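>>> Below is the structure, and that's it, no one-letter string:
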């Protein structure tokens, strides 16, 4: 499912729902180490069904009770301010990406969960702010069979298209009104379609320097979602296992790890988790095609105007030419 509302009670409330301290340890180790239900059942002298039930009950409770707040104009403006101050990308409301999480082939599912790597998986689509926290996520098999792709089939894609996410009205770029009012946008890689509210890089290798500069600035802002996924999968090792459970239960497990990631994120520990991820060399497989790549004329115009701004005295950063 997708998550984007409700209050945030303490983890202590959720812990009280489990019957014993041993069960709490079992569900925590399942998410953190990726050990199997049978391995944890043997280790803590619990029934396999008890461990499985504890994990699924807790993950469902986290999904129900700790969903992200419903987005507001103020939230988006705060996120955009941090993207500009920390990463020098103007009017950015988040970096978006999609990953595959491997599961055991569900019975009678045909090719529904089959991916290009020859394994079965569910898709995790997430939006992150400038501090590596997820602000929106959706987990499942949505959009696989539609021509529009995963993004257009997602709750986020549809709500953004229908203008139902309280995204602020267009406004002038920082320190410059030369480009006129500009929309707030997300940033994604070349797998995503170009939309008025979703910027992707200019395609091609032999492109002019000013477009290379836009691509560099976009890539720098987009790295927050890669770092968020790196920290997430390094801390919650279950994401690197082949989950042997019903897809709906796997959806809940993945959603719970993403919510816990954002809830427990400690900036002083980020580098440790990222170093660990790099050392292990494990990454969640990328979703290669998020949708059609033909953008509308207005979307191309937004990208060109942003490109002009990033190459102007008001929008440039002193080191950008050295990065080419």
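Happy to help now that I have it. Since this is a predicted model, take the numbers as computed values, not measurements.
>>> Any idea how far stretch 165-175 is from the middle of the chain?
Stretch 165-175 sits 22 Å away from the centroid of its parent chain (CA atoms, centre = their mean, to the nearest Å).
>>> First-to-last residue distance for it?
Using CA to CA, to the nearest Å, the gap from the first to the last residue of stretch 165-175 comes to 26 Å.
>>> tell me which residues in it are buried?
Along stretch 165-175, the positions that meet the burial threshold by neighbour count (16 or more other CB atoms under 10 Å) are 165, 167-168, 173. The C-beta positions use only the backbone N, C-alpha and C, and glycine is treated the same way.
>>> Repeat that for stretch 250-259.
Within stretch 250-259, the residues that qualify as buried by neighbour count (16+ other CB under 10 Å) are 250-259.
>>> how is the chain carved up into domains?
Described in terms of automatic domain parsing, the domain architecture of the chain consists of the residue ranges 10-65, 73-323.
>>> just how off-centre is stretch 315-324 within its chain?
Averaging C-alpha coordinates over stretch 315-324 and over its chain gives two centres that are 27 Å apart (CA atoms, centre = their mean).
>>> Name the residues that touch it?
Outside stretch 315-324, the residues that touch it by CB atoms under 8 Å, 6 or more residues apart in numbering are 88, 90, 173-176, 209, 212-213, 216-217, 309-310.
>>> Which ChimeraX command selects the buried ones in these?
Command for ChimeraX that selects the buried part of the contacts of stretch 315-324, burial taken from 16+ other CB under 10 Å:
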select :88,90,173,176,212,213,216,217,309,310
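>>> can you give me the strands for the stretch 1-150 of the chain?
In the stretch 1-150 of the chain, the segments counted as strands under DSSP state E, counting those that start in this stretch are 2-3, 92-103, 120-128, 134-140.
>>> For residue 298, find the nearest of the ones you listed.
For the strands of the stretch 1-150 of the chain, proximity to residue 298 was assessed by CB to CB; strand 92-103 is nearest, at 17.4 Å.
>>> low pLDDT regions in the stretch 151-300 of the chain?
By pLDDT under 70, the weakly predicted segments of the stretch 151-300 of the chain are 292-294.
>>> let's go with 50 and repeat that
Across the stretch 151-300 of the chain, not a single residue meets the criterion (pLDDT under 50).
>>> Spatially nearest residue to residue 201, not counting backbone neighbours?
Counting by CB to CB, 6 or more residues apart in numbering, the nearest residue to residue 201 once its immediate chain neighbours are dropped is residue 215, at 4.3 Å.
>>> neighbours of residue 303, just the number please.
When counting by other CB atoms under 10 Å, one arrives at 21 neighbours for residue 303.
>>> Confirm for me that it is in contact with residue 196.
No: the pair residue 303 and residue 196 does not pass the contact test of CB atoms under 8 Å, sitting 9.7 Å apart.
>>> okay, how far is it across stretch 161-175, tip to tip?
Distance across stretch 161-175, first residue to last, is 28 Å (CA to CA).
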